[in-house]
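Colleague: below are the sequence and a predicted model; questions follow.
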Amino acid sequence: MSINEELVRAAAQQWERWGFSVAPLHKPKAVVGSEEKQPFVGYVHDYWVVVNRPDRNGLTDKPWSAAFISFCFKTADPSNSFPYNEGHYGYCQKIMKGMKAENPKITIEKPADTVLELGDLIWAGRAGTGCGTPPGTYDAAMDALRKKDGFFCSHADIVVAIRPGEVDVIGGNVSDSVTKTTYVTSNGKIADPRHAWVGVIRNTI
C-alpha cells in the first residue's frame, strides 16, 4: 500500500474514532465527538505528542489541526519523512525549503493548476484572533513562507475521496472535532468559494 493510501486510511480511522462528524454540501452539518469531552480530550493529546507537546490535550486553547495532520503522516509513514509541526505554517515553511532539492518528496503546488489526488492536502489561509490578514493566493502564501516574520494562520485537510465536481476531505479541529467536509471542485481542482485556497500539498514519499 502506498503512503498516500496509508494516509487516507489513517485519516479515516481517526474520523471513525471521533464518531463520523460530517459537513456535507447540501445537508446540515452533524458533529459527534467534541474536543472538550472524554475520550476526545485524550485523542487530541495523542496528536500533540507527535509534535512534542505532550502537555496539551483537547482542553488546551490551541488549534490542533496541524498536530492532527502530523499524527496522520506519522501513522502512515513511520520513517518521519514529513516535517511534523504544531502549525501548518511551520511544516509548509520546511516543505518549501525542501523543494530546493533535486527531487523533493513533498511539494506545495498551485491550487488553480493542480488536479487533486487522494492523499493530497488542501491548504487555505484563515482569519482569527492574532492572525492578521491571511494571503489570498498561492504566490502570496509562498512569499510569506520565505519571510522570517511572514506567519499567517491557516488550515489544511487530507483528501480522502474524489467525485465529479466535489471532493471529501478529513481534518482535525473542524467544529472542534475530526470532521469529513465536502468541497466543490472544477475539472478536478479545488474551487470552493468558501475559502481562499493557497496550496495543494503533494507527497511522493
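Modeller: Yes, it's here. Residues are numbered from 1 along each chain as shown.
Colleague: which SSE is residue 84 in?
Modeller: Using DSSP states H and E, residue 84 sits within no helix or strand.
Colleague: ok, and the closest non-adjacent residue to it?
Modeller: Among residues not flanking residue 84 along the chain, residue 70 sits closest, at 3.9 Å (Cβ to Cβ, 6 or more residues apart in numbering). (C-beta placed from N, C-alpha, C; glycine too.)
Colleague: helix, strand or coil for the residue of the chain most remote from its centre?
Modeller: Most distant from the centre of the chain: residue 102, at 25.3 Å, with distances by Cα atoms, centre = their mean. What DSSP: H, G, I helix; E, B strand; the rest coil gives for residue 102 is coil.
Colleague: hang on, the earlier thing: confirm the residue nearest to residue 84 sits in a strand?
Modeller: No - looking at residue 70 with three-state DSSP, it is helix, so not inside a strand.
Colleague: contacts only, for it.
Modeller: Contact analysis of residue 70 by Cβ atoms under 8 Å, 6 or more residues apart in numbering lists 47, 50-51, 82, 84-86, 91.
Colleague: try 10 Å this time
Modeller: 47-52, 64, 82-88, 90-91, 172 (Cβ atoms under 10 Å, 6 or more residues apart in numbering).
Colleague: before we move on, what about residue 104?
Modeller: Going by Cβ under 10 Å, 6+ apart, residue 104 touches 95-98, 202-204.
Colleague: list just the nearest of those to residue 113.
Modeller: Set against residue 113, the nearest of those by Cβ to Cβ is residue 202 (11.7 Å).
Colleague: okay, and the beta partners of residue 177?
Modeller: Beta-bridge partners of residue 177, counted by DSSP bridges, are residue 174.
Colleague: so residue 58 is in contact with residue 36, correct?
Modeller: Yes - applying Cβ atoms under 10 Å as the test, residue 58 and residue 36 come out as touching, 5.8 Å apart.
Colleague: number of residues surrounding residue 125?
Modeller: Neighbours of residue 125 under the rule other Cβ atoms under 10 Å: 25.
Colleague: how about it: what's its closest non-neighbour residue?
Modeller: Nearest residue to residue 125, sequence neighbours excluded (Cβ to Cβ, 6+ apart): residue 134, at 2.8 Å.
Colleague: so is the one you found in a helix, a strand, or just coil?
Modeller: Here residue 134 is recorded as coil under three-state DSSP.
Colleague: please verify my assumption that it contacts residue 199.
Modeller: No - using Cβ under 10 Å, residue 134 makes no contact with residue 199, being 12.0 Å away.
Colleague: more neighbours: which of these two?
Modeller: Taking other Cβ under 10 Å, residue 134 and residue 199 do not tie; residue 199 has more neighbours (30 against 20).
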